[in-house]
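Got a predicted structure here, sequence first:
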Amino acid sequence: MVDIQDRAASAAPAAGDDVLLRVEHLTKSFVAKSSVFGKPLSYVSAVDDVSFTIRRGEVFGLVGESGCGKTTVGRMIAGLIAPTSGTITFDGRDITALSPRERRALSRDIQLVFQDPYASLDPRMTVSEIISEPIVAHGLLPADQIPGRVAELLELVGLSPSMATRYPHEFSGGQRQRIGIARALAPKPKLIICDEAVSALDVSVQAQVLNLLQDLKERLGFAYLFIAHGLNVVKHVSDRVGVMYLGKLMEISEGNDLYRYPLCPYTQALLSAIPSVDPTVRRKRIILEGDVPSPIDPAPGCRFASRCYAKVGACEVVFPELRPIGADGGHEVACHRYDGLDSVERARELAEELQTGMARAPYGRGAGETNAIPATAAPQEDPAA
Amino acid sequence: MVMAQALGIGARHRAPGRLGMMGRQIWDALRDDKPALVGLAFIILLVAIAVVTAIWPGVLPYDPYEQDLAQSFQPPSPAHWFGTDQQGRDILCRILVGTQISLSVAAVVVVVSLAAGVLLGAIAGFKGGAVDTVIMRVMDMMLAIPSMLLAIALMAALGTGIDKAVIAISIVAIPQYARIVRGQVLSVKEREYISAARVAGDTDATIIFKHVLPNVMPSIIVRATLGVSSAILDTASLGFLGLGVQPPAAEWGDMLGSGRNFIFTAPYSLVFPGLAITVTVLAFNLLGDAIRDAFDPKSRKR
């Protein structure tokens, strides 16, 4: 535990140039329904006010269930979707609204590994053409050096250079994903976004690809945004993990912290769904009731409130701000239960109580109220103080 | 399948590998398709006739252009298999020479209208928005007017002559290609590998030419094959109306047109040119259908 805290302290946000990617208040809403004249009537809020940073050489995991907006976040950073509002700063430069030309130039530094290895490779191109595409697009190497570089990349991802002249349909899913990774590595990017890069693969191949990604990161030293829908996949590779639910970022934490001391009830539920291989660890299985609410015109308040087993009055009124717990700021959570709590130890205790179903005492703001209280209400007495 | 793979592996360059794969796919489907094989054989025969008569006119027993009024309207006989027309010219020879015009006009029309239609359709589908609306509304306007009427109107503006006919028929055929290509592009551009190309840093033009069009190719090939037959029909129609080639050039539609006054007295003067048109169009349609089947995984046998 000391070890964890040391890491948390050392990794705390410090020098500005240490930050490779800074996402601030990123929001994307899609029009769900429009009138006959094309006037939008309702919106799907896919990503809502999401902020996080990725440091150089860091692996940031982003997890959440299907439809929570994590892929949209990745695609906005990769420039495939324009954000509705918010800013994305990459390498100290605002890249939110670049011209198509500038955006193209930036694709040298930000690469994306796609979810579906079957759909993301052009069926009419050879492996060599696919992998060399970013190199050719940016004119990074003269034509006579490209075959050598392709062979090098193929070896790097564990494929034989002799496969360069084959077509994608001749490969298995895991091999195809390696081709996709080789393509992403080709321009030597600073950030690679892995959008569910292993979820289409079966478990043994998942492990291979995860190990490959880890290995490549250590050897080549770029940063990852690792998007996945299961915490167990992210656990392998991530330095820090963000948990998303219905377009909102619920919790950000150092990897190990999140697994040992999940604060947000949603994270707790997610973690309890991972089967444990350690018989000494007995975690209560939290079974959520109800379905994920519709993201179309979401109600105010916490997005998770309708399914939360630990909600308090304020949860249905105003969305809790994502705020750091404790001095080092390594663990951030958006939950009214932790309002006014500043001690890491106290927060962990409370989290433990929430998970074991014993937390019934009102700790959070508005806990004692039967009806919702105004958003501006002052926090009630702080039990930790 | 194994052959296709071998072909793909062996390919050194991009184009032969890709086209080889496609050609293999077509041939595999054609092999078991008797009508399509007959169509293909007939088309090859027509091309051979056109080339031979163009290079070496002496192969024909009669001069297809020399008038001999004493021989006017001879019924089919061992000397004149298909009979002679009003000017006493051998109809068989004129039909054989007519393949030159029909096939070359059809080829030029398909190439021109295909190039224009594919470009317009690809831009409309890929860009979307206002560009799409402007291009496709113009195409819709052209489609709203019956194509023959539009071609005649264009001929009225341009004047008669085979070169003008080529222009008119090409313009009339553009909307069909544009529509098909646009539809295909709309579906292809949503594929993940297009996003991947964007992330790789490709420009729009690169994406269209390297990713979208190669994947739209199969439906273009099918439409082009069928387009040949409609171009032949259109050429014949304009010739029939006296707007296409000018006499004395031998053209099937023109022969049909000049023979129509003698339908009861000399039916052979328009039956044989008519048959030539029908059989040629049929051959291209059979081949086009087979190629469509070859590219459609749902209709593939086995």
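Yep, it's here. Please read these numbers as outputs of a predicted model, since none were measured by experiment.

The nearest residue to A:Val59 once chain neighbours are set aside and chain B, how far apart?
When the adjacent residues along the chain are set aside, A:Val59 lies closest to A:Tyr224, with 4.3 Å between them (CB to CB, 6 or more residues apart in numbering or on different chains). C-beta here means a position set from N, CA and C on the backbone, and glycine is covered the same way. From A:Tyr224 across to chain B, the span is 15 Å (CB to the nearest CB, to the nearest Å).

quick one, strands of chain A?
Using DSSP state E, the strands of chain A run over A:19-34, A:40-55, A:59-63, A:85-90, A:93-94, A:110-113, A:191-195, A:223-228, A:240-245, A:248-254, A:323-325, A:331-333.

mind putting these in a markdown table, mean pLDDT and mean neighbour count included?
Compiled in a markdown table, the strands of chain A are given as follows (pLDDT from 0 to 100; neighbours: other CB atoms under 10 Å in any protein chain shown):
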| stretch | mean pLDDT | mean neighbour count |
| --- | --- | --- |
| strand A:19-34 | 89 | 18 |
| strand A:40-55 | 88 | 19 |
| strand A:59-63 | 91 | 27 |
| strand A:85-90 | 92 | 17 |
| strand A:93-94 | 90 | 11 |
| strand A:110-113 | 92 | 28 |
| strand A:191-195 | 92 | 26 |
| strand A:223-228 | 90 | 26 |
| strand A:240-245 | 91 | 26 |
| strand A:248-254 | 90 | 26 |
| strand A:323-325 | 85 | 18 |
| strand A:331-333 | 88 | 24 |
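
can I get those in TSV with distance to B:Leu114?
As requested, the strands of chain A are exported to TSV (distance: least, CB to CB, whole Å):
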stretch	distance to B:Leu114
strand A:19-34	37
strand A:40-55	40
strand A:59-63	46
strand A:85-90	43
strand A:93-94	45
strand A:110-113	35
strand A:191-195	38
strand A:223-228	42
strand A:240-245	48
strand A:248-254	51
strand A:323-325	62
strand A:331-333	59
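
May I have the residues that are in contact with the residue in the stretch 201-350 of chain A positioned nearest to chain B?
The nearest approach of the stretch 201-350 of chain A to chain B comes at A:Leu225, 13.1 Å away (CB to the nearest CB). A:Leu225 makes contact with A:Leu21, A:Ile54, A:Phe60, A:Leu62, A:Gly74, A:Ile77, A:Leu191, A:Ile192, A:Ile193, A:Cys194, according to CB atoms under 8 Å, 6 or more residues apart in numbering or on different chains.

Over to B:Ala294?
Counting by CB under 8 Å, 6+ apart, B:Ala294 has contacts B:Gln25, B:Ile26, B:Asp28, B:Ala29, B:Leu30, B:Arg300.

And for B:Asp85?
B:Asp85 makes contacts with B:Ser72, B:Phe73, B:Ile91, B:Arg94, B:Met255, B:Ser258, B:Gly259, B:Ala266, B:Ser269, as judged by CB under 8 Å, 6+ apart.

hmm, 7 Å instead?
Under the criterion of CB atoms under 7 Å, 6 or more residues apart in numbering or on different chains, the neighbours of B:Asp85 are B:Ile91, B:Gly259, B:Ser269.

if I look at the residue of the stretch 201-350 of chain A closest to chain B, how far off is A:Val237?
11 Å (CB to CB, to the nearest Å).

Which pLDDT value belongs to B:Asp132?
The per-residue pLDDT reported for B:Asp132 equals 94.

Point out the residues in chain A that sit beside chain B.
Taking CB under 7 Å from any CB of the partner chain as the measure of proximity, chain A contacts chain B at A:78, A:80, A:104, A:107-108, A:111-112, A:114, A:116, A:119-122, A:124, A:126, A:129, A:133-134, A:137-138, A:165-167, A:170, A:183.

Now list the buried members of the residues you listed.
Those of the residues of chain A next to chain B that meet the buried threshold are A:78, A:80, A:104, A:107-108, A:111-112, A:114, A:116, A:119-122, A:124, A:126, A:129, A:133-134, A:137-138, A:166-167, A:183, by 16 or more other CB atoms under 10 Å in any protein chain shown.
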